[in-house]
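Build me a structure from this.
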Amino acid sequence: MTEQSRSPALDWLDAAAEDRAARHVDRVLRPRPAHDRVIDLASNDYLGLGRHPEVIEGAVEATRRWGAGSTGSRLVTGTTSDHSALESELAEFTGTPAALVFSSGYTANLGAVVALSGRGSLIVSDGGSHASLVDACRLSRARVVVVDRGDVAAVARALAGRTEERALVVTDSVYSADGHLAPLLALHGASRAHGAVLLVDEAHGLGVRGTGGRGLVDEVGLARFEDVVVTATLSKALGSQGGVVLASERVREHLIDTARTFIFDTGLAPSSVGAARSALAVLRREPERARRVLEVAEHLAAVTGADRPRSAVVSVILGDPSRAASAAARCAELGLRVGCFRPPSVPEGTARLRLTARADISDADLARASEVLARVLEEHGHRLTDSSAYLGSTGASRSAASAGASTGVHS
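The predicted structure is shown next:
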């Protein structure tokens, strides 16, 4: 950059960058090659469908039929017969009445929350909600009350004391940073008792929880309640791209007319639609993939001394962000890719390695990953447990799949 082109109006960026570096929360983009020998426990491709031949062929075939892009917004030229078919298939699979596909899980959350709230309404937001829900609350123009994660009593108090006519409670079903489950039945009970709608983000539940991966909402029996609205992403367990809102027909019709991220955004690309449809077909045929994910997660938790998981996510808290970053870098040196979550993605003092289980990991790779994790965590002073007996009971060595995974901050 030349002196003439440089502007002092942006000099504050230098101080901000120095501050992030001093706190060890600066980020770096690291492009990965198409093929490498690194074992991946960082991506959200929980079911191993992102590179499945049928899923790739679904994307290719849809591209040949429709072209590279959807050509416009969903309300103009961006809706194909494949979009409609995907919506029907997702609704049927999850047990919900209707579905509406968005270009991402992020836009699905923004569109649904804003369209179902607005001025003169109240949003009660779980403190563990994903950043997309946090941003949706900020954009909604509603009054927002943030409660501690999973605090049902606080939700009930906020709803009971409201003066607004409408209210919306928002939460993740599976908290993305540590994989713990939200108390959905209790949250729905509190919401229904006070005339509120419960919106649940199933980004990390779909494909992992519930019978054959139908999600936690279906697992606890809330899928067909009209006062429960579900959002999800197609980019994690289904290995594609895009988002969806699963709800009643009249909620779907309302979103088509009012959700700005649906109305003014270009429709999801045909390739992503085709890939998601094929991934859903594979999951229907091979429901054991969902079970395998949880088996692998249990194995990883036992190796690292983490809490026994209830989802694909295993969180190994190291505390200091520089320590977490160092451990992640050391894993990479030894051929293992892991996630590294630092503030503001997680609370101060809880920087961690975030491991995501995969249904398609081979027994050999799982064993090697376990060796690397044990070595790196010991090098970084993390106490490990003798888990050999526990490992034998998880069934992680029986891979049906191989034989044939961040929170936001309210302010």
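
make it CA atoms for all contacts and neighbour counts henceforth
Will do.

From Ser311, how far off is His180?
Distance of His180 to Ser311, given as CA to CA, to the nearest Å: 7 Å.

okay, those two: which has more neighbours?
More crowded of His180 and Ser311, by other CA atoms under 10 Å: Ser311, with 29 against 20.

quick one: common contacting residues for His180 and Ser311?
Residues touching both His180 and Ser311 comprise Val174, with contact defined as CA atoms under 8 Å, 6 or more residues apart in numbering.

The closest residue to Leu139 other than its chain neighbours sits in which helix or strand?
Take Leu139 and drop its neighbours on the chain: the residue closest to it by CA to CA, 6 or more residues apart in numbering is Val114, 6.8 Å away. Using DSSP states H and E, Val114 sits in helix 105-115.

Show the subsequent helix or strand relative to that helix.
Using DSSP H and E, the helix or strand that follows helix 105-115 towards the C-terminus is strand 121-126.

Name the next helix or strand following that following strand along the chain.
Under the assignment DSSP H and E, the closest C-terminal helix or strand after strand 121-126 is helix 131-139.

Buried ones in that next one, by neighbour count?
Applying a neighbour-count criterion of 16 or more other CA atoms under 10 Å, one finds 131-138 buried in helix 131-139.

just the residues you listed now: which is nearest Val145?
The shortest distance between Val145 and any of the buried residues of helix 131-139, using CA to CA, involves Cys137 and amounts to 9.5 Å.

looking at it, that closest one is touching Val144, isn't it?
Yes. Because the distance of 6.7 Å satisfies CA atoms under 8 Å, Cys137 is recorded as touching Val144.

Do you have the strands of the stretch 301-411 of the chain handy? List them.
Using DSSP state E, counting those that start in this stretch, the strands of the stretch 301-411 of the chain run over 313-319, 336-341, 351-356.

okay, those strands in TSV with distance to Glu295, mean neighbour count and mean pLDDT next?
Below are these laid out as TSV (distance: least, CA to CA, whole Å; neighbours: other CA atoms under 10 Å; pLDDT from 0 to 100):
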stretch	distance to Glu295	mean neighbour count	mean pLDDT
strand 313-319	12	24	94
strand 336-341	18	22	95
strand 351-356	12	26	96
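
Nearest to Ala279 among the ones you listed would be which one?
Shortest distance between Ala279 and the strands of the stretch 301-411 of the chain, using CA to CA, is found for strand 351-356: 18.8 Å.

Could you pull out the buried residues of stretch 115-127?
Judged by neighbour count using 16+ other CA under 10 Å, the buried positions of stretch 115-127 are 115-118, 121-127.

Of all the strands of the stretch 301-411 of the chain, which one comes closest to Val170?
Evaluated over those, closeness to Val170 peaks at strand 313-319, with 20.8 Å, by CA to CA.

For Ser176, which three-state class applies?
When states are read from DSSP: H, G, I helix; E, B strand; the rest coil, the local structure at Ser176 comes out as coil.

pretty sure it is touching Val314, no?
No. When contacts are counted by CA under 8 Å, Ser176 is not listed as touching Val314 (9.9 Å).

what's stretch 42-62 in contact with?
Outside stretch 42-62, the residues within contact range by CA under 8 Å, 6+ apart are 207-208, 235-240, 270-279, 282, 289-290, 293, 312, 337-339, 354-361, 405.

No further queries at this time; thank you.
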